[in-house]
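*Asks:* could you look at this predicted model? Sequence included:
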Amino acid sequence: MILCKKFEELTLEELYEILKLRSEVFVVEQNCIYNDIDGKDKASFHVIIKENNEITAYLRVLPPGISYENASLGRVLVAKDARGMGYAKAIVTEGINCVLRNFNTNKITIGAQEYLKDFYSEFGFKPVSEVYDEDGIPHLDMTLNIV
């Protein structure tokens, strides 16, 4: 089941599971100490893939003007035990669709971890910045121009 919910539509259980997964992946697994709860969640849509009532993949869709001038996708993750099953492509596809349904925009910009450049290129994202360090991890900005 794929869901695209505004912050206030999330159940407490979903919010707890999302924050737990984000902490497991981005703080613990990637050994990166940073403030995950950055104040942007309330303005975002939250795209969730659930299997057997558990979140297997997640991302947030940020409106234009929050992280970038354009709409943006962020906090893209697949739960550790669900990797290699196609969830990453499914969640990014649904994130793009969520942008198209909810914002009058023709561009999506992301801050991608450098090692995922080829993955995002498969969706049509193109680099628009040099590689930069964000919390000790090489990133680059990429933009998808929607025709």
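*Replies:* Received the coordinates, thanks.
*Asks:* quick one: the strands in this protein?
*Replies:* 2-6, 45-51, 54-62, 71-78, 107-113, 126-127, 132-134, 137-145 (DSSP state E).
*Asks:* now the ones you listed in a markdown table, with mean pLDDT, mean neighbour count and distance to Gly39?
*Replies:* Backbone N, C-alpha and C define where each C-beta goes, glycine included. Formatted as a markdown table, these follow (pLDDT from 0 to 100; neighbours: other CB atoms under 10 Å; distance: least, CB to CB, whole Å):
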| stretch | mean pLDDT | mean neighbour count | distance to Gly39 |
| --- | --- | --- | --- |
| strand 2-6 | 96 | 16 | 16 |
| strand 45-51 | 97 | 21 | 15 |
| strand 54-62 | 97 | 23 | 11 |
| strand 71-78 | 96 | 24 | 13 |
| strand 107-113 | 96 | 21 | 16 |
| strand 126-127 | 98 | 14 | 27 |
| strand 132-134 | 93 | 11 | 17 |
| strand 137-145 | 96 | 17 | 20 |
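*Asks:* just put those in a markdown table and tack on distance to Cys98.
*Replies:* As requested, the strands of the chain are arranged in a markdown table below (distance: least, CB to CB, whole Å):
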| stretch | distance to Cys98 |
| --- | --- |
| strand 2-6 | 4 |
| strand 45-51 | 5 |
| strand 54-62 | 5 |
| strand 71-78 | 9 |
| strand 107-113 | 10 |
| strand 126-127 | 21 |
| strand 132-134 | 24 |
| strand 137-145 | 13 |
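*Asks:* contacting residues around the closest residue in space to Leu73 that isn't next to it in sequence?
*Replies:* Closest residue in space to Leu73, ignoring its immediate chain neighbours: Gly95 at 4.6 Å, by CB to CB, 6 or more residues apart in numbering. Each residue near Gly95 by CB atoms under 8 Å, 6 or more residues apart in numbering is listed here: Val47, Leu59, Val61, Leu73, Val76.
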